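Asks: structure, please.
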Amino acid sequence: MWCSRTALRRLALQTAPLSLAGPRRDMSALPRVYVTRQIPPRGLQILRESGQVQFELWDSDDPVPRQELLKKVKGCDGLICVLTEKIDAEVLDAAGPNLKVLSTMSVGFDHLSLDELKKRSVHVGIRVGYTPEVLTDAVAELTIALLLATSRRLIEATHEAKTGGWGTWRTLWLCGYELADSTVGILGLGRIGVAIAERLKTFKVKKFIYTDVAPRPELAEMIQAEYVSMDELARQSDFLAVCCALTPETQGICNKHLFSKMKNTSIFINTSRGGVVNQEDLYEALSTGQIAGAGLDVTVPEPLPTDHPLFTLKNCVILPHIASATYTTRNAMSALAANNLLAGLRGEPMPKELQL
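Replies: Next up, the predicted model:
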């Protein structure tokens with residue numbers, strides 16, 4: 001049920017606009033919704049064509065200012081947000097008791113204050129929608145691209161070619177590490193971890209291992225992966241991909257204890273959330289040669305300041321959080337966010353609801 005192919009088959013159902021039964025009502029009587037960003041067009045089209053809501057949009061590709069958000073959310077019945085908006089007690093208090101549905105255009109939900117939402121759901125029944133599965137393939141593809149760019153030193157190589165460093169052929173110049181006959185470790189085995197492994201099989205990977213809060217036998221069987229301890233994951237992995245959610249338990253879990261047990265030829269990849277990595281410890285591991293390289297699509301903070309020490313390292317490739325950035329996936333995410341919102345306002349099951 002978790003594999004990326006199944007998710008794709010569901011995509012058509014999740015992105016189709018949900019119909020509204022009965023005659024259209026006067027717009028002023030419709031539930032009020034605030035959308036905190038200029039989301040991709042499919043989601044906005046679904047909202048407009050539903051006839052179910054009146055919505056106001058922060059019509060920019062940049063984050064809505066905090067004070068603007070606090071002002072606009074007042075009295076709303078529904079809210080569509082993205083991962084840059086911190087939805088906490090202040091926002092929920094500003095929204096007031098009318099708020100019934102919160103729909104985030106993200107698979108991660110560490111930007112939502114779950115404790116505050118749980119507290120309020122008892123009294124006012126706030127429901128939360130999110131967008132898993134539709135971004136699985138895009139994230140898996142980007143993870144592999146980042147892994148290859150890091151392990152084969154593609155950014156370094158491009159720089160050398162552009163700046164005159166490309167001289168005569170040399171036997172070990174810009175050599176990296178290959179996937180064939182390697183061991184790939186996955187920290188947090190879910191849909192995305194499985195999708196990454198499925199794609200890496202064609203690179204003749206010798207072995208997949210993983211660790212999680214508990215064994216995941218059904219998922220592991222799909223990729224013939226072995227469950228190991230965290231320490232063993234570090235010791236065995238030639239490539240370690242972080243795919244876990246950011247929770248209080250995983251905050252800073254990739255730290256000097258983990259890096260000290262990794263091989264000095266290991267490649268570390270993180271496309272989950274920046275908060276799972278202690279960046280000071282990662283810098284130390286990279287700058288001293290404790291590990292060979294790291295590829296990051298996520299950092300703390302975002303954007304990472306251009307003078308951050310990690311940017312000074314040739315063996316660290318940093319991307320600006322683009323794992324889900326394909327036209328197909330971002331439109332599918334916005335469509336699912338819109339359909340979650342509409343279903344929630346109707347009091348019907350959401351296509352993808354976060355259980356509080």
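Asks: quick one: contacts of stretch 299-314?
Replies: Stretch 299-314 is contacted from outside by 153, 156, 274-275, 277, 279, 282-283, 286-287, 296, 316, 318, 320-321, using CB atoms under 8 Å, 6 or more residues apart in numbering. For every residue, glycine as well, the C-beta is placed using N, CA and C.
Asks: buried ones in that stretch?
Replies: 299, 304, 310 (16 or more other CB atoms under 10 Å).
Asks: show me where the stretch 101-250 of the chain has its helices.
Replies: Shown for the stretch 101-250 of the chain, the helices assigned by DSSP state H, counting those that start in this stretch span residues 114-123, 136-151, 154-163, 191-200, 217-223, 230-236.
Asks: by contact count, what packs against the fourth one?
Replies: When you say that, I think you mean helix 191-200. helix 4-15, helix 136-151, strand 183-187, strand 207-211, helix 217-223 (3 or more CB pairs under 8 Å, 6 or more residues apart in numbering; DSSP states H and E).
Asks: nearest to Val53, out of these?
Replies: helix 4-15 (17.8 Å; CB to CB).
Asks: now do the buried residues in the lengthiest helix in the chain.
Replies: Selection of the longest helix in the chain by residue count, based on DSSP state H, yields helix 327-345. For helix 327-345, a neighbour-count test (16+ other CB under 10 Å) marks 329-345 as buried.
Asks: how about stretch 287-303?
Replies: 290-299.
Asks: for stretch 170-189, same thing?
Replies: 176-177, 179, 182-189.
Asks: tell me how far Trp144 lies from Gln290.
Replies: Actually, residue 144 is Ile rather than Trp. Distance, Ile144 to Gln290, by CB to CB, to the nearest Å: 24 Å.
Asks: what's the answer for Tyr130, then?
Replies: From Tyr130 over to Gln290 (counting by CB to CB), the distance is 36 Å.
Asks: circling back to that earlier point, would you mind finding the most buried of the helices and strands packed on helix 191-200?
Replies: A comparison of the helices and strands packed on helix 191-200 by mean neighbour count, using mean count of other CB atoms under 10 Å, puts strand 183-187 on top with a mean of 26.
Asks: direction included, what does it pair up with?
Replies: Strand pairing for strand 183-187, determined by DSSP bridges: strand 207-211 (parallel), strand 239-242 (parallel).
Asks: and the residue sitting furthest away from the middle of the chain, what's its pLDDT?
Replies: Within the chain, Thr168 marks the point farthest from the mean C-alpha position, 41.8 Å out by CA atoms, centre = their mean. Thr168 carries a pLDDT score of 94 in this model.
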